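Participant: make a model of this:
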Amino acid sequence: YSCHSVWLGCTNGMVYQLLTSDQNWFQYSGLASQAVPGAHHGSVARPTAICIVRDTVWIGDESSHIHAYSITDMKKLWWYSMVEGEDMSPVLRILWLEPLGRIAVALGCGRIFLVTDSPPTTSSMAEGSFVLTELGSASILHDITALFSDNNKFCELWCGEGNGAISVYTLEDTIVANYESLNHYNPVIANVDVEQLVSSDDEHQKYVWTYVYPGCVVYQWDGDTKTILHKLDCSKLVPCSESLKSISIDEHLSPGRCQVTSLCVVKKELYIGTTWGCMVVAETWSLRPITVFRPYEGELTAIVALPDSKSPMIATFGRGYRSLITRFKEVSFNIDNQQIYPILWSTQHWVPS
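Facilitator: As a prediction, this is how the structure comes out:
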């Protein structure tokens, strides 16, 4: 019997843990709202980033704080302020670089810190103890991902920025050994943001997949040459789950309904969520679509891999669950389209053998 946990941060300040087996969801519990350190009583910090580090969960909030809890008993272990004063900015991403024993903490203002994966001794900024170094500072930052190579000797941090730009920091033994600046476009296009980046933990798949907002296109980058290999335009894909009654191609496949909301890599498959509630399954090495279907009425907000399951699984979260049978037969099925619904999926056999 195996159990997996998924952690969810909510706009009301709550953080929930959902437990699942390989078959179904079976339990959820919540952490108390995060009080803002140093603020007046009653102030609640909205969680903006979550990362599992060994037996603890690190939660970043909108005020540049990190809160750490024990996974086993949900007790708070420590908190830390990444920046102080007027420089406060939401914690955008907490990324555990496990082979290095380090964690990258990215703030929405563009600052990226490299910290140890051990508890801090103080709760305020003190470079050299918990915070080891600051990698760089862009004017804006949207997402980061890590790409390891040479038996984890080298780690590249790919950072999505504005105007279609990507900054790549190469770490060797936790020291910045190289920096490169890439762009999706030549000439550069203004007012487009690299909002999502994902990478594979398989050294045989040295790729990075990116999404630029606004738009419907997912890009595949070669990690060695730093060039774009393939593109996938989600506005060209029609869900196989639709009937003639439920789909209006002109209305629902417009570019605004096909923007990308989430990316996730599991083995040799890339999973893409869209604003219209579709999930696209594509080959990682070619971006060739395997299947497209629409499990949600509203946007598919998150796709999470459950890598420790016996057969690889993913969990999706989106607004308004769509029952397949109601698209072909009149049945009583009450669904609130404003609610978020989690769904478990096996990642095997998307198409018949």
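Participant: and the nearest residue to residue 345 once chain neighbours are set aside, what does it touch?
Facilitator: Nearest non-adjacent residue to residue 345, counting by Cβ to Cβ, 6 or more residues apart in numbering: residue 314, 5.1 Å away. For every residue, glycine as well, the C-beta is placed using N, CA and C. Shown in contact with residue 314 (Cβ atoms under 8 Å, 6 or more residues apart in numbering): 264, 266, 271, 303, 304, 305, 306, 344, 345, 347.
Participant: tell me the contacts of residue 8?
Facilitator: By Cβ under 8 Å, 6+ apart, the neighbours of residue 8 are 15, 16, 17, 18, 50, 317.
Participant: the closest residue in space to the last one that isn't next to it in sequence: which element?
Facilitator: In space, and not counting its chain neighbours, residue 317 is closest to residue 302: 4.4 Å by Cβ to Cβ, 6+ apart. For residue 302, the enclosing helix or strand under DSSP states H and E is strand 300-306.
Participant: going by contacts, tell me the helices and strands next to that strand.
Facilitator: strand 4-9, strand 260-266, strand 269-274, strand 313-319 (3 or more Cβ pairs under 8 Å, 6 or more residues apart in numbering; DSSP states H and E).
Participant: highest mean neighbour count out of the ones you listed?
Facilitator: Mean neighbour count (mean count of other Cβ atoms under 10 Å) peaks for strand 269-274 among the helices and strands packed on strand 300-306, with a mean of 24.
Participant: following element in sequence after it, please.
Facilitator: Criterion used, DSSP H and E; the element after strand 269-274 is strand 279-283.
Participant: buried sites along the helix or strand just after that following strand?
Facilitator: Per DSSP H and E, the first helix or strand lying C-terminal to strand 279-283 is strand 289-293. Residues of strand 289-293 classed as buried: 289, 292, 293 (neighbour count, 16 or more other Cβ atoms under 10 Å).
Participant: cool, stretch 288-304 as well?
Facilitator: So for stretch 288-304, counting by 16+ other Cβ under 10 Å, buried means 289, 292-304.
Participant: equivalent analysis for stretch 101-118, please.
Facilitator: For stretch 101-118, by 16+ other Cβ under 10 Å, it's 102-115, 117.
Participant: quick one: mean pLDDT for it?
Facilitator: Stretch 101-118 shows a mean pLDDT of 93 in the predicted model.
Participant: got it, and stretch 270-281?
Facilitator: Mean predicted confidence for stretch 270-281 is 96.
Participant: and that stretch, how far from the chain's centre?
Facilitator: In terms of Cα atoms, centre = their mean, to the nearest Å, the centre of stretch 270-281 is set 13 Å apart from its chain centre.
Participant: quick one: end-to-end length of that stretch, please.
Facilitator: End-to-end distance for stretch 270-281: 6 Å, by Cα to Cα, to the nearest Å.
Participant: next one: phi and psi at residue 295?
Facilitator: The phi and psi values for residue 295, taken as degrees, to the nearest 10, are phi -90, psi -10.
Participant: state the distance from it to residue 280.
Facilitator: 12 Å (Cβ to Cβ, to the nearest Å).
Participant: try residue 110
Facilitator: On the measure of Cβ to Cβ, residue 110 and residue 280 end up 30 Å apart.
Participant: with residue 77 instead?
Facilitator: Distance, residue 77 to residue 280, using Cβ to Cβ: 39 Å.
Participant: before we move on, what about residue 47?
Facilitator: 28 Å.
Participant: likewise for residue 94?
Facilitator: For residue 94, the distance to residue 280 (Cβ to Cβ) stands at 27 Å.
Participant: now for residue 24: which residues touch it?
Facilitator: Contacts of residue 24 by Cβ under 8 Å, 6+ apart are residue 344.
Participant: enumerate every residue touching residue 176.
Facilitator: 133, 135, 169, 170.
Participant: could you dump the residues you listed to TSV with distance to residue 73 and neighbour count?
Facilitator: Formatted as TSV, the contacts of residue 176 follow (distance: Cβ to Cβ, whole Å; neighbours: other Cβ atoms under 10 Å):
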residue	distance to residue 73	neighbour count
133	33	15
135	34	19
169	36	21
170	39	16
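Participant: many thanks, I have nothing further to ask.
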